[in-house]
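1. need the 3D shape of this:
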Amino acid sequence: ANSYCPDPATLTQCPQNTYSSPGSSMITDCKCGAGYVCTVQKRIQAVVSLNVSATDFNNNANGVRTAFINACAAAAGVPASSIIITRVVGTTPGSRRLLSLGPASSGGADEPSNPNSITRV
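-> Sure, this is the predicted structure:
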């Protein structure tokens, strides 16, 4: 109890002020104690190349940025409002202009130090 096993060989303690039932396998199985609010965030980093310039992407030309965000949200099963693009880099390999969406550098100011947040209410 008060832990979860993401795989058969790993036992991980639930965050402080949370509890779980025996047999828990995910951090989301850890429930908040009375008087606390829990949020769990998962950060996914990816590098994606699109056949559009960084300027057009940032300006949402033809709705390309919106469509990309909606596609990411649908793939992740989350609302589009929870998708955050941290960096857009324009590149020109050969004669094509591509857009690379990459992860923020490790330890950047936009990265939470602890993605699991428990707040006393």
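2. where are the low-confidence patches of this structure?
-> For the chain, the stretches with pLDDT under 70 are 92-121.
3. mind running it again at 50?
-> Scanning the chain with the threshold set as pLDDT under 50 gives 95-98, 100, 102-116, 121.
4. please enumerate the strands of it.
-> Listed in chain order, the strands of the chain (DSSP state E) span 3-7, 10-13, 18-19, 31-32, 36-40, 48-50, 88-91, 98-101, 116-120.
5. parallel or antiparallel, list what pairs with the fourth one.
-> Read that as strand 31-32. strand 18-19 (antiparallel) (DSSP bridges).
6. list the contacts of the partner strand.
-> Applying C-beta atoms under 8 Å, 6 or more residues apart in numbering, the external contacts of strand 18-19 come out as 1-2, 30-33, 36, 38, 118. Yep, even glycine has a C-beta here, placed from its N, CA and C like the rest.
7. the same query, at a cut-off of 7 Å, please.
-> Strand 18-19 is touched from outside by 1-2, 30-33, 38, 118, with contacts defined as C-beta atoms under 7 Å, 6 or more residues apart in numbering.
8. okay if I get those residues as TSV plus distance to residue 81 and neighbour count?
-> Formatted as TSV, the contacts of strand 18-19 follow (distance: C-beta to C-beta, whole Å; neighbours: other C-beta atoms under 10 Å):
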residue	distance to residue 81	neighbour count
1	35	9
2	32	13
30	24	24
31	25	13
32	23	18
33	28	14
38	19	18
118	22	18
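9. nearest to residue 80 among those residues?
-> Using C-beta to C-beta, residue 38 is the member of these that sits closest to residue 80, with 23.0 Å.
10. about what we covered before: of the strands of the chain, which is nearest residue 78?
-> Across the strands of the chain, residue 78 has its closest neighbour in strand 36-40 (11.9 Å, C-beta to C-beta).
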